[in-house]
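Asker: Predicted model and sequence follow; I will ask about them next.
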Amino acid sequence: MIDESRVAGGALSPDGVAADVALAEVRRLRAGDRPTHGGRLFAYVYDPAVPGLDELAAAAHRESAHVNGLDPTAFPSLLAMENALVGAAGRVLGGGPGTTAPDVVGSVTSGGTESLILAVKAARDAHPEIAAPRIVVPSSAHAAFAKAAHYLRVALDVVPVSVDTLRPDPAALAAAIRPETVLVACSAPSYAHGVVDPVAEIAAVAADAGVRCHVDACFGGWTLPYLRRLGEPVPAFDFSVPGVTSISVDLHKYAYAPKGVSVLLHRDAALRAPQYFAYADWPGYTMINPVIASTRSGGPIAAAYATLRHLGDAGYLRLAAVTRDAVAGLADAVRAVDGLRLLAEPESTVVCFTATEGGPDLFVLVDELTARGWHTQPQLSYAGLPASVHLTVTASVAPRVAEFGPDLAAAVEAAHAAGPVRLPAELAALVGALTPEALTPDLVVGLAAGLGLGDGGPGAGDGGGDGPGAGPLPERMALVNTLLDAAPPALRERLLVEFVGLLQRPTWGSED
Ligand SMILES: Cc1ncc(COP(=O)(O)O)c(C=O)c1O
């Protein structure tokens, strides 16, 4: 629980507090978070449960936290570690000396979203002659492509995936390519369902059209190669595939590095060149940035470097085997419960299930699982795909798998007993009639109050410097998820922006 008395004055204390007091405050705040370790959180965190790894990463982070990646000549340690991370990622993904992609180069970014934005930027800026550039992505591609398109003013052409295979048809992607298209993207695997797109076919249609092809392996780029080595039927998705021009892989996901590190690889330096930004037309230092951030901490890079050095190839192979077995166990648990079905047969590290006809209300089920200490991720229905529950599985889940089955069965039973969520009539009517444009601040506050979100919205606690009240989210989220599920995507987006805006409010008052 958040201790309001300690944080009500905001972060800046009048005279400074003792170091142990400051740290205790952080720890108290952290106690209200979902558990990052222990194998019961199936999203957001990637935990290998390797003893000592956290301590090693923290120590490496501390060594380089104040090093600035802005200038690699001042801090050659960082350049060396970045180059070593890029070399490792290049090797894992089919590039480097002795391969068909010997000239692979790359950059270390802060995360998957930054890697994707830069892949789109490089593709866009390679074609200054195209006034209105476009990219083609399957509907299962990560939302960060839409963000990249939005930030970079590139048009987004979305090709639907099959509701059966959850994959795009390469011919449909080919048909979506226009003269202004600068990039075709695909996933290995998709985040939502964990399925690997037909990369070879997609790269071939992109190459035929003379267009770059980016493989978003942010999520699975560090596990799929190891799963293949373990004998799993993983299709080719890396630089061994002709036509693949760039690949992203997040080290803060399945390379188990602390957050803030992804690698964007290009098949050669010429493809990477338009990713850079250089500026010399001002009186200060000449700026040359390979990535979006200019000043950036060496901490995450050093932590990732130490993590890779410590776990090594053999460590990742072992962790992939443990994870694969955990995935199989969780999938069996889903299969064993009446009323649920896998949305896709697991082929990577995701278990994704939905309800069958007459099955439980999935949003109630998610709450019932939370009540039993399992934190899963609900996914709303979308374009013919049913609502589903997503489990990102990491190695730390393995020792918990046997406990999951009985709890899942009990949660399903409880969800049946509770029955489906019914939106109060006035909320249902509102969401049915509402358009994003018609959403007023008063309506937002009313909706938030009806859903138990925040503390009643702007103005509800002003002036006194109070914090977010009794807690920003209701204990049970089924009502919120049901309301969002009933809304079309544009309204979902608008509602979420407004709701999160209500949560992100400064705490003003002074204390101490
Ligand atoms: C396939 C894929 N691409 C991109 C991203 C975005 O990564 P990040 O959250 O590190 O920005 C994710 C995150 O889950 C992902 O799964």
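Answerer: Alright, I've got the coordinates.

Asker: show me where the stretch 51-200 of the chain has helices.
Answerer: Along the stretch 51-200 of the chain, counting by DSSP state H, counting those that start in this stretch, helices occupy 53-64, 76-92, 112-125, 143-152, 170-176, 199-208.

Asker: most neighbours per residue, which of the ones you listed?
Answerer: helix 112-125 (a mean of 25; mean count of other Cβ atoms under 10 Å). From N, CA and C alone the C-beta is placed, and that goes for glycine too.

Asker: show me the residues around the closest residue to the ligand within the chain that make contact.
Answerer: In the chain, the residue that lies nearest the ligand is residue 112 (2.3 Å; Cβ to the nearest ligand atom). By Cβ atoms under 8 Å, 6 or more residues apart in numbering, residue 112 lies in contact with 142, 144, 216, 218-219, 248, 250, 253, 262.

Asker: thinking again about what came up before, can you tell me which of the helices of the stretch 51-200 of the chain comes nearest to residue 479?
Answerer: Proximity to residue 479 (Cβ to Cβ) singles out helix 143-152 among the helices of the stretch 51-200 of the chain, at 23.8 Å.

Asker: wait, does that closest one contact the ligand?
Answerer: Yes. For helix 143-152, a contact with the ligand is found by Cβ under 6 Å from any ligand atom, at residue 144.

Asker: elements contacting that helix?
Answerer: helix 112-125, strand 134-138, strand 155-159 (3 or more Cβ pairs under 8 Å, 6 or more residues apart in numbering; DSSP states H and E).

Asker: circling back: mind checking which of the contacts of residue 112 land in strands?
Answerer: 216, 248, 250, 262 (DSSP state E).

Asker: Show me which pair in those residues is furthest apart.
Answerer: Going by Cβ to Cβ, the pair spanning those furthest: 216 and 262, at 10.6 Å.

Asker: Near the ligand, which residues of the stretch 151-300 of the chain? Just list them.
Answerer: 187, 191, 216, 218-219, 250, 262.

Asker: Now flag whichever of the residues you listed is closest to residue 407.
Answerer: For these, the nearest to residue 407 is residue 191 (24.4 Å; Cβ to Cβ).

Asker: got the contact list for that closest one?
Answerer: By Cβ under 8 Å, 6+ apart, the neighbours of residue 191 are 142, 219, 350, 390.

Asker: Over to residue 107?
Answerer: Residue 107 touches 82, 86, 118, 263-264, 272, 275, 290-291, counting by Cβ under 8 Å, 6+ apart.

Asker: Switch the helices and strands packed on helix 143-152 over to JSON lines; also include distance to residue 479 and mean pLDDT.
Answerer: JSON lines is the format used below for these (distance: least, Cβ to Cβ, whole Å; pLDDT from 0 to 100):
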{"stretch": "helix 112-125", "distance to residue 479": "29", "mean pLDDT": "99"}
{"stretch": "strand 134-138", "distance to residue 479": "32", "mean pLDDT": "99"}
{"stretch": "strand 155-159", "distance to residue 479": "30", "mean pLDDT": "98"}
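
Asker: Tell me which of those sits nearest to residue 494.
Answerer: Judging the helices and strands packed on helix 143-152 by Cβ to Cβ, what sits closest to residue 494 is strand 155-159, at 18.2 Å.

Asker: Name the residues that touch stretch 422-429?
Answerer: Residues contacting stretch 422-429 (Cβ under 8 Å, 6+ apart): 431, 447, 450-451, 479, 482-483, 486.

Asker: Narrow these to those that are buried.
Answerer: 431, 447, 450-451, 479, 482-483, 486 (16 or more other Cβ atoms under 10 Å).

Asker: residue contacts, the nearest residue to residue 69 once chain neighbours are set aside?
Answerer: Sequence neighbours aside, residue 296 is the residue nearest to residue 69 in space, at 4.1 Å (criterion: Cβ to Cβ, 6 or more residues apart in numbering). By Cβ under 8 Å, 6+ apart, the contact set of residue 296 is 68-70, 110.

Asker: now swap in residue 48 and tell me
Answerer: 256, 311, 319, 394-396.

Asker: pLDDT at it, what is it?
Answerer: Per-residue pLDDT puts residue 48 at 98.

Asker: Would you mind checking the contacts of residue 296 for buried ones?
Answerer: Listed as buried from the contacts of residue 296 are 69-70, 110; burial here means 16+ other Cβ under 10 Å.

Asker: quick one on the thing from earlier: from the contacts of residue 191, keep the buried residues only.
Answerer: The neighbour-count test (16+ other Cβ under 10 Å) applied to those identifies 142, 219, 350, 390 as buried.

Asker: what does the stretch 1-150 of the chain put close to the ligand?
Answerer: Going by Cβ under 6 Å from any ligand atom, the residues of the stretch 1-150 of the chain near the ligand are 111-113, 116, 142, 144.

Asker: biggest separation within those, which pair?
Answerer: For those, the farthest-apart pair by Cβ to Cβ is 111 and 142; their separation is 11.3 Å.

Asker: Please identify every residue contacting each of those two.
Answerer: Common contact partners of residue 111 and residue 142 (Cβ under 8 Å, 6+ apart): none.

Asker: one step back: with neighbour numbers in mind, choose between residue 216 and residue 262.
Answerer: residue 262 (32 against 29; other Cβ atoms under 10 Å).

Asker: Surely that one is in contact with residue 255?
Answerer: No. At 9.7 Å, residue 262 and residue 255 do not qualify as touching, with contact defined as Cβ atoms under 8 Å.

Asker: what do these two both touch?
Answerer: residue 249.

Asker: ok so, going back, nearest spatial neighbour of the residue of the chain closest to the ligand, skipping sequence neighbours?
Answerer: residue 218 (3.5 Å).

Asker: Likewise for residue 321?
Answerer: residue 230 (5.6 Å).

Asker: so what's that neighbour up against?
Answerer: 317, 320-321, 324.

Asker: Mind checking which of those land in helices?
Answerer: Judged by DSSP state H, the subset of the contacts of residue 230 located in helices is 317, 320-321, 324.

Asker: doesn't residue 264 fall inside a strand?
Answerer: Yes. According to DSSP: H, G, I helix; E, B strand; the rest coil, residue 264 belongs to a strand.

Asker: need the contacts of residue 296 in CSV with pLDDT, can you?
Answerer: Putting those into CSV (pLDDT from 0 to 100) gives the following:
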residue, pLDDT
68, 96
69, 93
70, 93
110, 98
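
Asker: got the contacts of residue 230 as JSON lines, with neighbour count, distance to residue 381 and pLDDT columns?
Answerer: Conversion of those to JSON lines gives the following (neighbours: other Cβ atoms under 10 Å; distance: Cβ to Cβ, whole Å; pLDDT from 0 to 100):
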{"residue": "317", "neighbour count": "16", "distance to residue 381": "38", "pLDDT": "98"}
{"residue": "320", "neighbour count": "23", "distance to residue 381": "32", "pLDDT": "98"}
{"residue": "321", "neighbour count": "17", "distance to residue 381": "34", "pLDDT": "98"}
{"residue": "324", "neighbour count": "22", "distance to residue 381": "29", "pLDDT": "98"}
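
Asker: re earlier: between residue 216 and residue 262, which contacts overlap?
Answerer: Both residue 216 and residue 262 are contacted by 112, 248, under the criterion Cβ under 8 Å, 6+ apart.
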